[in-house]
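Participant: A predicted structure for the sequence below; I have some questions about it.
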Amino acid sequence: MLELSILGFLHEAPLHGYELRKRITALTGHVRPVGESTLYPAIKRLEKAGLLARETRQGPAAAPRHVLSLTAEGRRELHRRLAEAGGTDITDENRWFTLLAFLRHLDDPAAQAAVLRRRLAFLDEPASFFYDGDRPLRAEELDDPFRRGILTVARATSEAELGWLRATIAGLEG
């Protein structure tokens, strides 16, 4: 998801590493703060793959800055990653939110709707954090108020997201 975030933010505008790190941290920092030791190797990998270009520009102070921008190949790679998103990119909430933050860069409404449909299919499957054998337990079946709270909050969140997904898909599909 770090690479997707880099590609997504650079799709919007060229940025220097510090600004890119601030934006990624603002998006995902509560879950996983992004350190320099993680960000800069990812930037180098993307640059080596031809997805990013680096240009040295004079900074506001005396020190020059390395400004990163997305190459045409980087734009294609971002669009591919968005369009083909599946698996944990759809099922893991944190990865899903990162993907959702950049889904607008996928220009085709039908392709956007297809990604949303994959999330909708995942959310439509019965699930729980707690089970009786293979049967998912509902909040009303639990005596533990804290576990019941987890399921109550999760249900409300899922219902809100399901409503948003259905409305957004309908809008994208005309």
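Facilitator: The structure has been received and is ready for your questions.
Participant: Just the pLDDT for S5.
Facilitator: pLDDT recorded at S5 is 94.
Participant: Is the closest residue to it other than its chain neighbours within a helix or a strand, and which one?
Facilitator: Distance criterion C-beta to C-beta, 6 or more residues apart in numbering; nearest residue to S5, sequence neighbours excluded, is I24 at 4.7 Å. Any C-beta I mention is one placed from the backbone N, CA and C, and that applies to glycine too. Using DSSP states H and E, the element containing I24 is helix 17-28.
Participant: Now do that helix: everything it contacts.
Facilitator: 1-2, 5-6, 9-10, 15, 33-34, 36, 39-40, 43, 66, 68, 94, 97-98, 101 (C-beta atoms under 8 Å, 6 or more residues apart in numbering).
Participant: List the buried residues of whichever strand or helix holds A156.
Facilitator: Using DSSP H and E, A156 maps to helix 145-172. Across helix 145-172, burial judged by 16 or more other C-beta atoms under 10 Å covers 147-148, 151, 165, 169, 172.
Participant: R57 belongs to a strand, doesn't it?
Facilitator: Yes - assessed by DSSP: H, G, I helix; E, B strand; the rest coil, R57 belongs to a strand.
Participant: Okay, and the beta partners of it?
Facilitator: R65 (DSSP bridges).
Participant: That one: how many residues sit nearby?
Facilitator: When neighbours are defined as other C-beta atoms under 10 Å, R57 has 10 of them.
Participant: who's in contact with it?
Facilitator: By C-beta under 8 Å, 6+ apart, the residues touching R57 are 64-65, 67.
Participant: Send over the helix or strand encompassing Y40 as CSV, restricted to the C-alpha atoms.
Facilitator: Following DSSP H and E, one finds Y40 within helix 36-48. This file holds the C-alpha atoms of helix 36-48, laid out as CSV (Å, rounded to 0.1, in the frame of the first residue of the first chain):
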residue,chain,number,x,y,z
GLU,A,36,12.3,7.5,6.1
SER,A,37,13.8,4.0,6.4
THR,A,38,10.6,2.6,4.7
LEU,A,39,9.7,5.4,2.3
TYR,A,40,13.0,6.1,0.6
PRO,A,41,13.7,2.4,-0.3
ALA,A,42,10.2,2.2,-1.8
ILE,A,43,10.9,5.4,-3.8
LYS,A,44,14.2,3.9,-5.1
ARG,A,45,12.4,0.7,-6.1
LEU,A,46,9.8,2.6,-8.0
GLU,A,47,12.4,4.9,-9.6
LYS,A,48,14.5,1.9,-10.6
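Participant: Lovely, talk soon.
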